[in-house]
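Visitor: give me a 3D structure for the following:
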Amino acid sequence: QVQLVESGGGLVQAGGSLRLSCAASGSFFIINVMGWYRQAPGKQRELVAKITSGGGYTEIADSVKGRFTISRTNTEDTVYLQMNSLKPEDTAVYYCNADQIATSQGLLYNYWGQGTQVTVSS
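Guide: Residues are numbered from 1 along each chain as shown. The predicted structure follows:
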């Protein structure tokens, strides 16, 4: 019912920047919360940033605060993660998440994209 397609990952040197995009498609009215999580090898998946519909609330992990910014398009079906001043410890697979999705059949929860690899070299 809801598909999330990520793009923008890749290999970058420390100090560089990348912008991740996640486009949602399918049959829904609105997605209340969209966000980005990441999972490094041997570690648990962790929240990087999330944003509510209309941008009224954002949450950024302390480890990336001041370096990463999350935003959504006016149509609210695409979320971006601008990553600046990247560090080797930011290396991970980044996953897009959509939560509290309003559809004609009610609310859907916790949809995930396929993930995009971000590798930061030192």
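
Visitor: on the three-state scheme, Phe28 is what?
Guide: At Phe28 the chain is in coil, as set by DSSP: H, G, I helix; E, B strand; the rest coil.

Visitor: please apply the same query to Glu89.
Guide: With three-state DSSP as the criterion, Glu89 reads helix.

Visitor: who are the contact partners of it?
Guide: Ala40, Ser63, Val120 (C-beta atoms under 8 Å, 6 or more residues apart in numbering). To be clear about C-beta, it is placed using only N, CA and C from the backbone, and glycine gets the same treatment.

Visitor: ok, Leu18 next?
Guide: Per C-beta under 8 Å, 6+ apart, neighbours of Leu18: Gly8, Gly9, Gly10, Val12, Met83, Leu86, Val118.

Visitor: and if you look at Phe28?
Guide: Gln1, Val2, Ile101, Ala102, Thr103, Leu108.

Visitor: the same query, at a cut-off of 7 Å, please.
Guide: Val2, Ile101, Ala102, Thr103 (C-beta atoms under 7 Å, 6 or more residues apart in numbering).

Visitor: may I see those residues arranged in TSV, with neighbour count and pLDDT as well?
Guide: Below are these laid out as TSV (neighbours: other C-beta atoms under 10 Å; pLDDT from 0 to 100):
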residue	neighbour count	pLDDT
Val2	14	93
Ile101	23	94
Ala102	14	94
Thr103	15	94
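
Visitor: now, the contacts of Leu18 that are in strands?
Guide: Counted as lying in strands by DSSP state E, out of the contacts of Leu18, are Gly10, Val12, Met83, Val118.

Visitor: now the two most distant members of these.
Guide: Gly10 and Met83 (10.9 Å; C-beta to C-beta).

Visitor: show me which of the contacts of Glu89 are buried.
Guide: Buried subset of those (neighbour count, 16 or more other C-beta atoms under 10 Å): Val120.

Visitor: quick check, nearest of the contacts of Glu89 to Gln114?
Guide: Nearest member of these to Gln114, counting by C-beta to C-beta, is Ala40, at 17.1 Å.

Visitor: what's the burial count for the closest residue to the closest one other than its chain neighbours?
Guide: With sequence-adjacent residues excluded and distances taken as C-beta to C-beta, 6 or more residues apart in numbering, Ala40 is closest to Ala92, at 4.2 Å. If you count neighbours by other C-beta atoms under 10 Å, Ala92 ends up with 22.
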